[in-house]
Structures are given as C-alpha cells and as structure tokens.
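> structure, please.
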Amino acid sequence: MKKQLLWLISPILFAATSVGSTEIPFELSNQMNYQLNYKEYSSDFQTVPTNPNVYEEVDSYLDKELTVPFKKIKPNQSFSITSVEVNDQNQLVFQLKDKSYVVADQTSIYDDIVLHRTVLSEKVWTKKNFTVYSSPIANQAKKLTLDLKPYQEVTVSEIAETHLGFFAKINSKGWVNINDLSETDNRIEAVQDLLTTKYSSKNIAVYVKKLSTGETAGVNQDTMMYAASVTKLPTLYYTQVKLDEEKIKLTDTVKYVKETEDFDGAYESEGSGSINKTPDNQQYRMDDLINRTAKESDNVASNLLGYYVADKFDKRFYQEATRIVGQKWDMVSRMASAEMAGLMMEAIYRQNGYVLESLSATNFDDQRIARDIDVKVAHKIGDAYDFKHDVAVVYAKEPFILSIFTDQLGYDIISQIANDVYGILK
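Reported below is the predicted structural model:
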C-alpha cells in the first residue's frame with residue numbers, strides 16, 4: 001500500500017463497515033482433519049470461495065493428486081468449486097464443477113468479493129493512464145468509456161476494498177483503482193505532457209509555475225536567448241523595491257538628459273515607446289516612467305529608471321536580480337532564459353505593487369499570451385530581430401506564471417501555447 005494513498009483509504013482502515021462474508025463454510029472429515037492437523041497450512045482456505053478467481057494463470061488437474069494436467073485457468077475466467085478434499089500429499093484441493101482439481105492455495109486463488117465498503121465525498125484528480133471499470137469485483141468488471149480525461153477533478157463517493165486492492169467510485173459512474181488517483185491537483189503534469197509532446201522545438205522555450213504550490217513544468221526553459229525588452233523586468237522589479245523601501249516616490253521626477261542613454265545596458269532610444277527619442281531636458285515622474293516601461297515597453301522610460309533608480313545597474317542591483325533568478329541577468333547582453341524571466345515576473349507578483357498594476361493593462365493585451373485569455377493577465381513582451389517573447393501572470397482560479405520565448409516564430413504560436421496551457425489550468 002502506497003503511503004500517499006492513506007488519506008483516502010483511512011476511513012476503511014479505521015471506520016469501515018465490513019461486508020458480510022458470502023463464503024460457504026465447509027467441514028472436513030475426521031481423516032481430513034487428521035491429515036491437515038499433521039502439518040500447518042498457513043495458505044489453506046477455511047471457507048470455500050463463492051466467487052473464485054485467480055491472481056495468475058493456474059493449472060487444473062484430472063486427479064486430486066495433481067499429476068494429470070487438464071487445463072489452465074486464467075484470471076477472471078469463470079469457474080466454480082463443488083467440494084474440498086485432501087490428497088495423499090496432505091494438500092488441500094478444490095474439486096471444480098468440471099470435475100478437475102486445483103490446489104486450494106490462497107496465494108493463487110481468492111474470493112473475488114468486496115471485503116469492506118465506506119461512503120465518503122472527496123475531490124481527487126485522475127492520473128494519466130487511469131481505467132474506469134463497471135465494478136470493483138475483477139471477474140465482473142468491464143472497462144467503461146466515459147467522458148473523463150486524465151488530470152481531471154472527480155468526486156469519490158465510495159471506496160471498496162478487495163483482494164486486489166482498493167477501488168474508488170468516481171462521479172457515481174464507475175470504479176478506478178485508487179493508485180490511479182491523486183490526492184492533490186496534478187494538472188501541472190498535464191501541462192508537462194502538453195509541452196513535451198506538442199512544443200518540444202529548439203525554437204520554443206516555455207516555463208510554467210503554479211503560484212499556489214510552486215509546481216513547475218517546462219520545455220527548454222533553461223535555454224538562453226536574447227530577451228529583448230523582457231530584460232526591462234529586472235529594472236521594473238528593482239524600481240518597486242525602491243518604492244517599497246521608500247527610497248523613491250511615485251511623484252518624484254527625473255530629468256531626461258544625454259547621460260541617461262550612454263551607460264552600459266541602456267536601450268537604443270529609437271526603439272519602442274512614445275517619449276521623445278532625443279534628450280529633451282524635461283522632467284518625468286516615476287509613475288509615468290513605470291507606466292510607459294510596462295505598458296508601452298518604452299526604451300527611454302526604461303533607461304531613465306535604469307540610470308536614476310538602478311544607479312546604472314550597480315552592484316546592489318545585480319545582487320538583487322541574481323538572488324531572484326539564481327544567476328546573473330546581464331543587462332548589456334540581455335541574454336536570459338524563459339525560467340529566469342518567469343522567476344522575475346513571480347517576484348513582481350509577490351511585490352504586489354504599482355509595477356504589477358501597470359503590467360496588468362498594456363498596449364499589447366490584444367496579442368500573444370493575453371490575446372484570447374478571458375481572465376486578467378499581467379505581462380511583459382519582448383521583440384527584437386527574430387526573437388518574440390511574452391512573460392505573464394495569468395490570474396486563473398489559481399494564478400500561474402507563463403513565460404514563453406520564441407526564435408523565428410510569430411505571435412500566433414505564443415497565443416496558441418498560452419491558450420493550451422490556460423485550457424488546462426483555468
């Protein structure tokens with residue numbers, strides 16, 4: 001019995017209602033008792049099984065001495081027992097209806113009945129290769145084809161213990177071996193199956209993390225790619241750190257001067273965004289810069305935050321970013337992985353501040369991850385050369401991180417991956 005299944009069968013172990021035995025008691029003659037008492041038979045039956053079955057294929061014989069083979073009895077094959085005898089080797093044997101004999105050994109023959117039942121109501125999840133049967137009794141069970149899928153939540157209404165183990169009645173429709181059910185939400189396994197079978201391409205990297213449990217799935221999630229504007233996430237995160245530390249305020253202003261585009265890690269001002277592409281010596285508020293960076297992916301706004309708030313990506317900035325993603329996120333090369341981006345987005349989610357709010361309504365909500373999903377999405381896109389990325393918090397019933405990096409592919413594939421993952425985790 002697997003330790004992780006105790007939660008479900010404990011009602012049986014500690015408070016189960018026994019099913020009345022349907023076995024037929026039998027009496028042995030004095031001679032048979034003498035023979036049997038001469039030697040201990042720990043595997044002998046004390047009653048005749050009323051619905052006999054075999055664990056594995058067994059031989060039957062024409063004589064009770066078991067010397068003349070007759071035929072083989074297979075699991076779930078119908079047969080009945082008519083009498084009990086003891087042969088010259090002091091073996092307890094069953095005579096079958098067809099006049100053949102088998103050894104009366106509980107290690108090979110069992111009474112195919114329900115030993116205990118208990119009624120309950122528990123939510124569980126089906127595993128990958130589960131099978132639904134019409135009955136927990138093996139020689140009466142037929143496989144059922146129902147509208148149930150792997151990794152789907154179901155309700156257990158009854159548990160039955162048999163000689164073959166424990167079976168659960170799910171959705172009042174059929175019986176499933178308890179080993180094919182999961183106590184915890186296992187849909188992340190379905191996500192992993194999806195990514196492995198459908199999106200295992202060198203041009204795609206995906207990282208998924210359920211925020212409530214910390215469970216992850218991914219494909220090529222460690223592959224380093226040019227992250228483009230996704231590299232603005234560490235800057236946004238660090239800006240929120242400074243806000244939380246009250247080192248800066250949303251109403252603070254900074255000046256757009258030439259130096260703000262000449263430090264290591266600065267973006268080309270000619271890129272995306274609506275701020276003037278040449279330094280204008282104007283003052284810009286922090287909340288405006290955060291919004292332009294998050295919503296427009298404005299290069300100038302990001303540079304101003306990097307220059308003034310992150311102090312041109314100083315030592316403390318890199319220490320903080322490395323603590324979050326587990327390795328250096330080089331702001332100059334902008335090389336990162338889908339997992340690094342996902343971890344940074346998770347950190348922003350945990351901050352739950354102004355930056356996260358700004359990422360929740362962007363100019364890019366009609367494309368990529370957010371395009372078709374019908375719940376709130378906070379995300380940051382990145383585009384450069386052949387690289388197209390998106391990193392998001394998807395506010396499903398249980399929010400999750402979804403980070404998708406692509407090379408030489410379009411926006412539609414990002415939306416397709418997002419829709420598939422959301423379809424499982426929504």
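> could you list the low-pLDDT ranges of the protein?
Counting by pLDDT under 70, the ranges of the chain that qualify are 1-44.
> that one: helices as residue ranges?
Using DSSP state H, the helices of the chain run over 6-15, 30-37, 187-198, 232-244, 286-291, 299-308, 315-325, 338-351, 354-359, 411-425.
> now those helices as a markdown table including mean neighbour count and distance to Lys149?
The way it works is simple: take the backbone N, C-alpha and C, and place the C-beta from them, glycine included. Putting the helices of the chain into a markdown table (neighbours: other Cβ atoms under 10 Å; distance: least, Cβ to Cβ, whole Å) gives the following:
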| stretch | mean neighbour count | distance to Lys149 |
| --- | --- | --- |
| helix 6-15 | 14 | 20 |
| helix 30-37 | 13 | 53 |
| helix 187-198 | 18 | 9 |
| helix 232-244 | 23 | 35 |
| helix 286-291 | 21 | 42 |
| helix 299-308 | 26 | 43 |
| helix 315-325 | 16 | 35 |
| helix 338-351 | 24 | 26 |
| helix 354-359 | 20 | 33 |
| helix 411-425 | 19 | 10 |
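> let's have those in TSV, adding distance to Tyr267.
Compiled in TSV, the helices of the chain are given as follows (distance: least, Cβ to Cβ, whole Å):
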stretch	distance to Tyr267
helix 6-15	53
helix 30-37	90
helix 187-198	31
helix 232-244	8
helix 286-291	13
helix 299-308	4
helix 315-325	16
helix 338-351	17
helix 354-359	18
helix 411-425	21
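> of all those, which lies closest to Asn51?
Nearest to Asn51 among these is helix 6-15; the distance by Cβ to Cβ comes to 20.3 Å.
> contacts for stretch 316-332?
231, 234-235, 237-238, 241, 264-265, 306, 310-311, 313, 336, 339-340, 343-344, 347 (Cβ atoms under 8 Å, 6 or more residues apart in numbering).
> any idea how far that stretch is from the chain center?
When C-alpha coordinates are averaged (Cα atoms, centre = their mean, to the nearest Å), stretch 316-332 and its chain have centres 29 Å apart.
> CA atoms only: put it into CSV for me.
Coordinates of each C-alpha in stretch 316-332 appear next as CSV, following Å, rounded to 0.1, in the frame of the first residue of the first chain:
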residue,chain,number,x,y,z
ARG,A,316,23.3,46.0,-5.4
PHE,A,317,21.0,45.9,-8.5
TYR,A,318,22.8,42.8,-9.8
GLN,A,319,22.9,41.2,-6.4
GLU,A,320,19.1,41.6,-6.1
ALA,A,321,18.4,40.3,-9.6
THR,A,322,20.7,37.4,-9.1
ARG,A,323,19.0,36.5,-5.8
ILE,A,324,15.7,36.3,-7.7
VAL,A,325,16.7,34.3,-10.8
GLY,A,326,19.6,32.3,-9.4
GLN,A,327,22.2,33.6,-11.9
LYS,A,328,23.4,36.9,-13.4
TRP,A,329,21.0,38.6,-15.8
ASP,A,330,23.4,40.6,-17.9
MET,A,331,21.7,43.9,-18.7
VAL,A,332,24.2,44.5,-21.5
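> who does Asp111 form a beta bridge with?
Pro52 (DSSP bridges).
> my read: it touches Tyr55, true?
No - judged on Cβ atoms under 8 Å, Asp111 makes no contact with Tyr55 at a distance of 12.0 Å.
> quick one: which of those two has more around it?
When Asp111 and Tyr55 are compared on other Cβ atoms under 10 Å, the one with more neighbours turns out to be Asp111, at 19 against 14.
> next up, the contacts around the residue nearest the centre of the chain.
For the chain, the residue whose C-alpha lies nearest the mean C-alpha position (Cα atoms, centre = their mean) is Ile188; its distance is 2.5 Å. With contact set as Cβ under 8 Å, 6+ apart, Ile188 has these partners: 208, 210, 213, 215-217, 425.
> do the same with Pro234
317, 321, 324, 329, 331, 344.
> rerun at 7 Å
321, 329, 344 (Cβ atoms under 7 Å, 6 or more residues apart in numbering).
> and which of those is nearest to Ala384?
Where those are concerned, and distances follow Cβ to Cβ, Ala384 has its nearest neighbour in Trp329, at 15.9 Å.
> measure the closest one to Ala321 for me?
From Trp329 across to Ala321, the span is 5 Å (Cβ to Cβ, to the nearest Å).
> for Ser182, same thing?
Plainly put, Ser182 is 36 Å away from Ala321 if you go by Cβ to Cβ.
> with Val355 instead?
As defined by Cβ to Cβ, Val355 lies at a distance of 14 Å from Ala321.
> re the thing from before, to Leu115, which of the helices of the chain lies closest?
Put simply, out of the helices of the chain the one that sits nearest Leu115 is helix 6-15, at 9.0 Å, with distance taken as Cβ to Cβ.
> got the domain ranges for the protein?
According to automatic domain parsing, the chain comprises the domains 21-111, 116-182, 188-425.
> most tightly surrounded among those domains?
Most buried of the domains of the chain by mean neighbour count (mean count of other Cβ atoms under 10 Å) is domain 188-425; its value is a mean of 19.
> centre of the chain to that one, how far?
The chain centroid and the centroid of domain 188-425 are separated by 25 Å under Cα atoms, centre = their mean.
> distance between the ends of it?
Chord length of domain 188-425, first to last residue, is 8 Å (Cα to Cα, to the nearest Å).
> nothing else from me, thank you.
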